[in-house]
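[1] My questions are about this predicted structure, shown below with the sequence.
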Amino acid sequence: MAEEYDLVILGGGTGGYVAAIRASQLGLKTAIVEKGKLGGTCLHKGCIPSKALLRSAEVYATAKHSEDFGVKINGVELDFTKVQSRKDGIVEQLHKGVQHLMKQGKIDVFEGLGRILGPSIFSPMPGTISVEMNNGEDNAMLIPKNVIVATGSRPRSLPGLDIDGEYVLSSDEALSLETLPKSIIIVGGGVIGIEWASMLSDFDVEVTVVEYADKIVPTEDHEISKEMQRLMKKKGVKIVTSAKVLPESLEKGDGVVTIKAEHKGEEKAFTAEKILVSVGRQANVEGIGLENTDIKVEKGFIEVNDFFQTKESHIYAIGDVIGGLQLAHVASHEGITAVEHMANEKPHPIDYSLISKCIYSNPEIASVGITEQEAKEKGYSLKTGKFSFRAIGKALVYGESDGFVKIIADKDTDDILGVHMIGPHVTDMISEAGLAKVLDATPWEIAHTIHPHPSLSEAIGEAALAVDGKAIHS
């Protein structure tokens with residue numbers, strides 16, 4: 001039996017379900033096809049569960065140093081089973097919330113694997129969706145006017161370094177650990193790798209990070225990366241940069257795993273109980289029927305225009321499957337833009353330079369705009385302001401005074417080019433900088449926004465003043 005829709009979305013992750021809600025608001029008859037659980041990677045295998053674990057790690061680390069606050073706690077112990085239970089409870093609560101939103105929006109959800117069909121008896125154009133139902137019932141046939149491909153991504157590994165779920169893990173398996181290893185090697189010092197390094201170190205796991213680039217979090221501003229490396233080492237994390245992991249050297253058994261890496265012209269061996277591979281994510285473009293269309297896939301990602309249309313103008317693609325910034329909040333706004341475009345709402349294209357990026361390690365990192373290096377490469381004449389949390393009263397009250405806020409501005413126009421932060425709760429503070437970028441603000445305008453005292457956000461105001469050498473508390 002076939003059913004007609006204005007829009008069918010392949011994938012019920014953050015991008016997919018947000019697009020569905022916006023479509024429902026615009027009066028479009030909408031369906032989602034999801035083979036797993038609504039909420040996708042972000043809710044079940046990424047953003048939410050990892051942050052739940054990071055919060056437990058932060059509380060545990062604070063408890064171990066409670067005497068610094070005048071609070072004596074005898075025998076602080078970690079109950080990792082309870083940690084995982086708390087994480088699962090948060091995920092389930094949010095999952096029920098997404099299910100409720102689908103019912104509220106009268107959005108049909110088909111639980112199964114959807115594939116795009118070519119021209120057929122159902123439609124002269126590619127786009128009919130055949131759904132292989134999870135419950136074994138006959139395939140559902142959905143005939144939409146428009147399609148959004150929002151199938152997301154999965155952890156990538158290195159050729160020859162296969163994920164076995166026991167000795168060699170991806171973030172998927174790491175999230176489901178029943179017990180913590182005593183030691184772990186993290187291959188990759190990017191966003192996900194550093195979040196896991198921070199978390200596991202706070203859980204008293206011996207952590208070694210092996211990174212191919214010459215610095216960790218290599219896409220961040222160089223001063224941020226340098227500070228993060230210093231603070232990770234202060235935690236006891238071993239950092240090895242400019243190291244090429246050799247998958248063929250992998251040896252595992254008897255509870256330990258060993259792998260070698262080329263470092264400074266020599267092969268160096270690393271041994272631990274587990275290896276966590278954190279080298280990026282690859283798009284889920286296989287098995288969804290793209291071969292039945294004119295959709296172009298380049299370097300593993302679906303090509304789209306500014307409004308997320310593929311080569312088939314009625315088929316859109318959003319989120320991790322198109323590459324770029326593989327972030328949940330990005331996918332959500334891509335989905336909204338795609339829906340508004342197909343509904344002739346005339347949306348503005350997304351300006352990716354205005355999107356904030358966050359790393360939820362301890363300390364946190366947050367940024368918006370370009371780095372100092374990128375600004376120099378683009379030929380800007382720069383002026384910068386930097387202010388340390390050590391001079392911020394609220395940071396001292398929290399006992400978290402490491403880190404700083406850095407603002408980069410164009411010396412000729414005074415426009416803010418980038419804002420970069422490392423320190424306590426900066427992921428909750430970056431939106432002020434994001435709004436400043438949207439409004440094309442100058443450091444003067446941020447400096448003359450009176451920040452409450454005491455607050456961590458005072459560091460933003462002081463950094464803005466510092467751009468012109470006028471910081472008060474330095």
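    Nice, I can see it.
[2] quick one: which helix or strand includes residue 268?
    strand 266-272 (DSSP states H and E).
[3] partner strands of that strand, parallel or antiparallel?
    strand 256-263 (antiparallel) (DSSP bridges).
[4] buried stuff in the strand it pairs with?
    257-261, 263 (16 or more other CB atoms under 10 Å). From N, CA and C alone the C-beta is placed, and that goes for glycine too.
[5] just how off-centre is that strand within its chain?
    27 Å (CA atoms, centre = their mean, to the nearest Å).
[6] do the same with stretch 386-394
    27 Å.
[7] then it to PDB, C-alphas only?
    Provided in PDB are the C-alpha atoms of stretch 386-394 (Å, rounded to 0.1, in the frame of the first residue of the first chain):
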ATOM      1  CA  LYS A 386      43.100  38.300  25.600                       C
ATOM      2  CA  PHE A 387      42.000  38.000  29.200                       C
ATOM      3  CA  SER A 388      42.700  35.300  31.800                       C
ATOM      4  CA  PHE A 389      40.100  33.700  34.000                       C
ATOM      5  CA  ARG A 390      42.700  34.000  36.900                       C
ATOM      6  CA  ALA A 391      41.600  37.600  37.200                       C
ATOM      7  CA  ILE A 392      37.900  36.800  37.300                       C
ATOM      8  CA  GLY A 393      36.400  36.500  40.800                       C
ATOM      9  CA  LYS A 394      33.700  34.000  39.800                       C
END
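[8] now what about the strand holding residue 268, what contacts it?
    Outside of strand 266-272, the residues within contact range by CB atoms under 8 Å, 6 or more residues apart in numbering are 181, 183-185, 206, 208, 210, 240, 243, 246, 249, 256-262.
[9] What are the boundaries of the strands in the stretch 1-150 of the chain?
    Assigned by DSSP state E, counting those that start in this stretch, the stretch 1-150 of the chain shows strands spanning 2-10, 30-34, 108-116, 129-133, 140-149.
[10] picking up where we left off before, in the strand holding residue 268, which of the residues would be classed as buried?
    270, 272.
[11] do stretch 398-408 as well
    Quick answer for stretch 398-408 (16+ other CB under 10 Å): 398, 400-408.
[12] Out of those residues, which is nearest to residue 293?
    Looking at the buried residues of stretch 398-408 and their distance to residue 293, the nearest is residue 408, at 42.6 Å (CB to CB).
[13] Which pLDDT value belongs to that closest one?
    In this model, residue 408 is scored at 98, pLDDT.
[14] can you confirm it is in a helix?
    No - Residue 408: not assigned to a helix; according to DSSP: H, G, I helix; E, B strand; the rest coil it is strand.
[15] Could you check how far it is from residue 350?
    Per CB to CB, to the nearest Å, residue 408 is found 22 Å from residue 350.
[16] now residue 338
    For residue 338 relative to residue 350 (CB to CB), the value is 10 Å.
[17] Show me the helices in the stretch 1-150 of the chain, by range?
    14-25, 40-45, 47-64, 80-104 (DSSP state H, counting those that start in this stretch).
[18] hey, which of those helices is tucked in deepest?
    Of all those, helix 14-25 carries the top mean neighbour count, a mean of 26, counting by mean count of other CB atoms under 10 Å.
[19] Looking at residue 338 and residue 350, which has the bigger crowd around it?
    Under the criterion of other CB atoms under 10 Å, the comparison of residue 338 against residue 350 puts residue 338 first, with 28 against 18.
[20] got the contact list for that one?
    Per CB under 8 Å, 6+ apart, neighbours of residue 338: 19, 148, 307-309, 316, 318.
[21] ok so, going back, now the strands of the stretch 1-150 of the chain as TSV including distance to residue 468?
    As requested, those are arranged in TSV below (distance: least, CB to CB, whole Å):
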stretch	distance to residue 468
strand 2-10	48
strand 30-34	51
strand 108-116	54
strand 129-133	57
strand 140-149	46
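[22] List the residues that contact residue 259.
    Contacts of residue 259 by CB under 8 Å, 6+ apart are 161, 185, 187, 245-247, 249-251, 269-270, 275.
[23] and which of the residues you listed is nearest to residue 295?
    residue 161 (30.5 Å).
[24] The closest one against residue 169, yeah?
    No - contact between residue 161 and residue 169 fails when scored by CB atoms under 8 Å: they sit 11.0 Å apart.
[25] So for those two, which sits in the more crowded spot?
    Comparing residue 161 with residue 169 by other CB under 10 Å, the one with more neighbours is residue 169, at 24 against 19.
[26] one step back: give the next helix or strand downstream of the strand holding residue 268.
    strand 274-277.
[27] Could I have the CA atoms of that following strand written out in CSV?
    Extracted in CSV, the C-alpha atoms of strand 274-277 (Å, rounded to 0.1, in the frame of the first residue of the first chain):
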residue,chain,number,x,y,z
LYS,A,274,42.0,-0.6,25.4
ILE,A,275,42.4,1.6,22.3
LEU,A,276,39.8,4.2,21.5
VAL,A,277,39.9,5.2,17.8
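[28] average pLDDT for it?
    Strand 274-277 comes out at a mean pLDDT of 98.
[29] partner strands of it, parallel or antiparallel?
    Applying DSSP bridges, you get strand 168-169 (parallel), strand 183-187 (parallel) as the partners of strand 274-277.
[30] Between its first and last residues, what's the separation in stretch 310-318?
    10 Å (CA to CA, to the nearest Å).
[31] Quick check: which of the strands of the stretch 1-150 of the chain is nearest to residue 191?
    Of the strands of the stretch 1-150 of the chain, the one closest to residue 191 (CB to CB) turns out to be strand 140-149, at 24.2 Å.
[32] re earlier: with distance to residue 418 added, can I get the buried residues of stretch 398-408 in a markdown table?
    Below are these laid out as a markdown table (distance: CB to CB, whole Å):
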| residue | distance to residue 418 |
| --- | --- |
| 398 | 26 |
| 400 | 23 |
| 401 | 23 |
| 402 | 21 |
| 403 | 16 |
| 404 | 14 |
| 405 | 11 |
| 406 | 8 |
| 407 | 8 |
| 408 | 4 |
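[33] Let me know the closest of those to residue 302.
    residue 408 (32.9 Å).
[34] and that closest one, bridged to which residues?
    Counting by DSSP bridges, the residues bridging with residue 408 are residue 384, residue 418.
[35] ranges for the helices of the stretch 201-350 of the chain?
    So, for the stretch 201-350 of the chain - with DSSP H, counting those that start in this stretch - the helices run 222-235, 328-342.
[36] Tell me the buried residues in the shortest one?
    Neighbour-count burial for helix 222-235, with 16+ other CB under 10 Å as criterion, is recorded at 223-225, 227-229, 231-232.
[37] just the contacts of residue 259 now: which is nearest residue 174?
    For the contacts of residue 259, the nearest to residue 174 is residue 275 (10.3 Å; CB to CB).
[38] partners of that closest one in the sheet?
    With DSSP bridges as the rule, residue 275 is bridged to residue 168, residue 185.
[39] my guess is it contacts residue 183, does it?
    No - Residue 275 is not in contact with residue 183 according to CB under 8 Å; the separation is 10.2 Å.
[40] Between those two, which is the more surrounded one?
    Neighbours were counted for residue 275 and for residue 183 using other CB under 10 Å; residue 275 has more, 26 against 17.
[41] Many thanks, I have nothing further to ask.
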